[in-house]
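*Asks:* Structure for the following, please:
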Amino acid sequence: MNRRQTCMKLMAAGVLGLASLYAVAGDEQVVRIGLTGPLTGSQAAIGKDDENGVRLAIERLNARGLVIGGKKTHFELDSQDDAGDPRTGMTVAQNLLDANVKVIFGPFNSGVAIPISNLVNNASIVMATVASNPSITQHGYPFVFRISASDTQLGSRMGDFAARQLKVTRVAVVDDRTAYGQGVADEFVRSAKANGIQIVDREYTTDKATDFMSILTRIKGANAQAIFYGGYYAQAGALRRQMKRLGMNGYLMGGDAICNAELGKLGGDAVDERVYCPQGGPVLAQTPEGRQFMEDYRKRFATDPLTYSAALYDGMNLVAQAMEKANSIDPEKYRAALVDTNFQGISGHYQFDGNRDLLHSPITIYTYREGVPSPTKQ
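*Replies:* Here you go, the predicted structure:
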């Protein structure tokens, strides 16, 4: 073989090598995963916790190297800040749709989830939310799923707990007028009344409030044994401190949005064993899988998981499993597999009813010991 033939052979090998390289690259697909939540403001800790749950799942899935539709699949997180604001949430949702995401996780806030659910559903993109207002899944939107407990489950469980365990008969209710706060408060009132509890006062505030003294003075005059607060942990911390300042030693109850260690940090020693709140799902520390998740989460993010990071971790795995089953990343194709989910996750068992709410969502009620949520014996 002369020099010219040798050079030609080497060039041909190089071309074939490049072609092979391009073929391998062409066999990989990047799947964008959207997340919307409050990454700034008073609820930033919970928004970051949700983001961390999805991120941890994506990192694990990418390490496994899934093949979907004949292509190696790499997931990429596009997390955007909706600031817990409905208008910002609509902009964020549109941005994520424009970025061609294949699923949107979140929002955390019901007030954001309600308006964007229509937008996302009309785009035929799956939305998997932990927002709890019952109406989110009552519009018949086929692409909208709830991957945690609803207000109906959370509020009614607290009404039952107040009557049967705390044995209170006179309760005041305060809500922040958000879709979440009002929704969970209404469900509590319905359950409490059914259990023979008298609602002696109903007060209203906002999700930006810091001063509750006038509200608490009226409640104190009504001789309430407990307050149920429908709202978020930032306001609940201030509310509890001010209860103590007025010598109000009754119970403070709330929904899942006050149920995390941030409440203990904000409320200090006022957040004690007379504060109660619910969370959907089992106690992570009581299962091997939950303990492993907590350890892995701490190692990766140098902090403890809060409320719904485990549910978002499960949610990402649910979507990946549905894509594998459908052999497609197209939401219109994998949605049917998601509907038929029967999956045991870290945060519970996942099966959906006709509204795409969870069929089985155990509720754990927590109190606070040394500022940290601790499960009660029920």
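*Asks:* Surely R202 touches V171?
*Replies:* No: the pair R202 and V171 does not pass the contact test of CB atoms under 8 Å, sitting 10.1 Å apart. (Each C-beta comes from the backbone N, C-alpha and C, glycine too.)
*Asks:* For those two, work out which one has more neighbours and name it.
*Replies:* Each of R202 and V171 has its neighbours counted (other CB atoms under 10 Å); V171 has more, 28 against 13.
*Asks:* Could you check how far the spatially closest residue to the more buried one that is not a sequence neighbour is from V275?
*Replies:* Once flanking residues are discounted, V171 sits nearest to A226: 4.9 Å by CB to CB, 6 or more residues apart in numbering. Going from A226 to V275 by CB to CB, to the nearest Å gives 10 Å.
*Asks:* Now do the shared contacts for these two.
*Replies:* Shared contacts of A226 and V275, defined by CB atoms under 8 Å, 6 or more residues apart in numbering, comprise 251-253.
*Asks:* what's the residue closest to the geometric middle of the protein?
*Replies:* Nearest to the mean C-alpha position of the chain, by CA atoms, centre = their mean, lies V130 at 3.6 Å.
*Asks:* OK, contacts around that residue?
*Replies:* V130 neighbours (CB under 8 Å, 6+ apart): 50, 106, 108, 146-148, 308, 311-312.
*Asks:* Give me the pLDDT for the residue nearest to Q182 when sequence neighbours are not counted.
*Replies:* Nearest residue to Q182, sequence neighbours excluded (CB to CB, 6+ apart): D175, at 5.0 Å. pLDDT for D175: 97.
*Asks:* likewise P282?
*Replies:* P282 carries a pLDDT value of 86.
*Asks:* Quick check: it touching S347?
*Replies:* Yes: if you go by CB under 8 Å, P282 and S347 touch, sitting 7.3 Å apart.
*Asks:* And the strands in the stretch 1-150 of the chain?
*Replies:* Secondary structure of the stretch 1-150 of the chain (DSSP state E, counting those that start in this stretch): strands at 28-37, 67-68, 71-81, 103-105, 126-129, 144-146.
*Asks:* Tell me which of those strands is the most buried.
*Replies:* Mean neighbour count, computed with mean count of other CB atoms under 10 Å, is highest for strand 103-105 among the strands of the stretch 1-150 of the chain, reaching a mean of 30.
*Asks:* Just give the strands next to that strand in its sheet, each with its orientation.
*Replies:* Using DSSP bridges, strand 103-105 pairs in its sheet with strand 28-37 (parallel), strand 126-129 (parallel).
*Asks:* contacting residues around it?
*Replies:* For strand 103-105, contacts defined as CB under 8 Å, 6+ apart pick out 33-36, 50, 54, 93, 96, 120, 125-129, 312, 315-316, 319, 331.
*Asks:* Report how many residues lie close to E295.
*Replies:* E295: 10 neighbours (other CB under 10 Å).
*Asks:* can you give me the offset of the strand or helix carrying it from its chain's centre?
*Replies:* Using DSSP states H and E, E295 sits within helix 288-301. Helix 288-301 has its C-alpha centroid displaced from the chain centroid by 17 Å (CA atoms, centre = their mean, to the nearest Å).
*Asks:* continuing past it, what's the next helix or strand?
*Replies:* Remark: after helix 288-301, the chain's next helix or strand is helix 309-326, criterion DSSP H and E.
*Asks:* elements contacting that next one?
*Replies:* Judged by 3 or more CB pairs under 8 Å, 6 or more residues apart in numbering; DSSP states H and E, the packing partners of helix 309-326 are strand 28-37, helix 44-64, strand 71-81, strand 103-105, strand 126-129, helix 288-301, helix 331-339, strand 343-344.
*Asks:* hmm, 6 Å instead?
*Replies:* helix 44-64, strand 103-105, helix 331-339 (3 or more CB pairs under 6 Å, 6 or more residues apart in numbering; DSSP states H and E).
*Asks:* Kindly present the ones you listed as TSV, with separate columns for distance to E289.
*Replies:* Below are the helices and strands packed on helix 309-326 laid out as TSV (distance: least, CB to CB, whole Å):
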stretch	distance to E289
helix 44-64	13
strand 103-105	20
helix 331-339	21
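*Asks:* Of those, flag the one that's most buried.
*Replies:* By mean neighbour count, with neighbours taken as mean count of other CB under 10 Å, strand 103-105 ranks first of those at a mean of 30.
*Asks:* hmm, back to that, the residue nearest to Q182: what's it in contact with?
*Replies:* For D175, the contacting residues are 181-182, 185, 230, by CB atoms under 6 Å, 6 or more residues apart in numbering.
*Asks:* which residues sit against stretch 351-371?
*Replies:* Contacts for stretch 351-371 (CB under 6 Å, 6+ apart): 137, 145-146, 149-150, 153, 157, 161, 259, 264, 271-273, 275-280, 283, 342, 349, 373-376.
*Asks:* typo on my end, it should be stretch 230-245
*Replies:* Residues contacting stretch 230-245 (CB under 6 Å, 6+ apart): 42-43, 175-176, 181, 184-185, 207, 209-210, 212-213, 216, 229, 252, 254, 257-258, 262-263, 266-267, 270-271.
*Asks:* Narrow these to those that are buried.
*Replies:* The neighbour-count test (16 or more other CB atoms under 10 Å) marks 42-43, 175-176, 181, 184-185, 207, 209, 212, 216, 229, 252, 254, 257-258, 262-263, 266-267, 270-271 as buried among those.
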